[in-house]
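# following is a predicted model, sequence given first.
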Amino acid sequence: MKKIFLTLVLVLTFTGSRATENEIIAEVIFENLTNKEFTSGEFIIINSNRKIEINKPENFKITLPAEGKYQFSFVSQDFTAYTLYPVRINKRKNTITIRLMDKTELDSSTIHALPTHLETNLTDEQIEERIADGTLNFIMNGIDSSIPEEYVKFKEKYGIGLIKENCVIDPISLKKTRENNEMIFDYLNKYYGTEWIKELKTKPIGIK
């Protein structure tokens with residue numbers, strides 16, 4: 001009986017040890033790119049719907065059950081918050097960056113003609129700079145200025161917004177529009193996997 005009990009204790013100890021070894025410690029860091037003081041926000045681990053109230057923009061650590069793909073979000077009433085993190089969280093790639101930007105309103109000014117010089121061959125670093133500036137956008141045709149709600153949430157989460165062109169578009173502009181959207185598509189797939197596309201019910205030009 002003692003031998004059975006001892007074996008059971010050893011098995012439970014070993015199992016608990018393995019569970020701890022599988023856990024990943026991720027660090028959450030803040031980048032406040034505004035002149036405003038941070039007062040409050042909420043960090044969300046979307047996979048488990050775990051919410052953490054944040055009152056100071058101080059770096060902190062979270063424990064995740066294992067390596068893998070996770071989705072995170074950060075919401076603040078005073079800022080537009082972009083949450084940047086690796087496609088897969090592991091012991092080497094375990095940093096989650098919360099980038100705080102000034103809030104901007106999506107209004108009728110978002111519908112306009114396609115810029116005459118639209119760069120569609122950006123490096124990842126240049127794309128991230130555009131995200132930080134709030135100037136990276138999918139492009140869509142439309143006869144009104146309305147922005148679908150999912151794109152508002154998408155910009156808060158990924159830092160990538162939507163602009164609408166005039167409904168009539170010439171072949172050269174259409175080609176540039178497709179290239180722009182495909183560039184963003186490839187970037188998101190590289191860093192976030194393919195699940196993000198499910199968040200957009202209305203797809204940009206060139207994206208299926």
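That came through, no problem. Values in this document were obtained by computation on a predicted structure and should not be read as measured data. Numbering: from 1, shown residues only.

# quick check: which element contains Thr83?
Per DSSP states H and E, Thr83 falls inside strand 80-84.

# partner strands of that strand, parallel or antiparallel?
Using DSSP bridges, strand 80-84 pairs in its sheet with strand 95-101 (antiparallel).

# tell me the helices and strands packed up against the following helix or strand past the strand it pairs with.
Per DSSP H and E, the first helix or strand lying C-terminal to strand 95-101 is helix 124-133. Counting contacts by 3 or more Cβ pairs under 8 Å, 6 or more residues apart in numbering; DSSP states H and E, helix 124-133 is packed against strand 80-84, helix 171-192. For every residue, glycine as well, the C-beta is placed using N, CA and C.

# separation between Phe79 and Lys103?
To Lys103, Phe79 is 6 Å away according to Cβ to Cβ, to the nearest Å.

# who has more neighbours out of the two?
Phe79 (23 against 14; other Cβ atoms under 10 Å).

# wait, the more buried one touches Ile98, no?
No - the pair Phe79 / Ile98 is not scored as a contact, 9.3 Å apart, by Cβ atoms under 8 Å.

# can you work out which residues contact both of these two?
Gly41 (Cβ atoms under 8 Å, 6 or more residues apart in numbering).

# how about the contacts made by Asn121?
Per Cβ under 8 Å, 6+ apart, neighbours of Asn121: 179, 183.

# got a pLDDT number for it?
With respect to pLDDT, Asn121 scores 86.

# same question, Ile111
For Ile111, the predicted pLDDT is 40.

# same question, Arg130
So Arg130 comes in at 88 (pLDDT).

# that older thread, okay, the angle between the strand holding Thr83 and helix 171-192?
60 degrees (axes from the mean of the first three to the mean of the last three Cα atoms, to 10 degrees).

# where does pLDDT dip in this protein?
Along the chain, segments meeting pLDDT under 70 span 1-19, 104-117, 142-146, 166-171.

# can we see that at 90?
1-22, 33, 44-50, 68-88, 99-121, 129-135, 139-153, 155-157, 163-178, 201-208 (pLDDT under 90).

# nearest to Leu64, out of the helices and strands packed on helix 124-133?
Shortest distance between Leu64 and the helices and strands packed on helix 124-133, using Cβ to Cβ, is found for strand 80-84: 14.8 Å.
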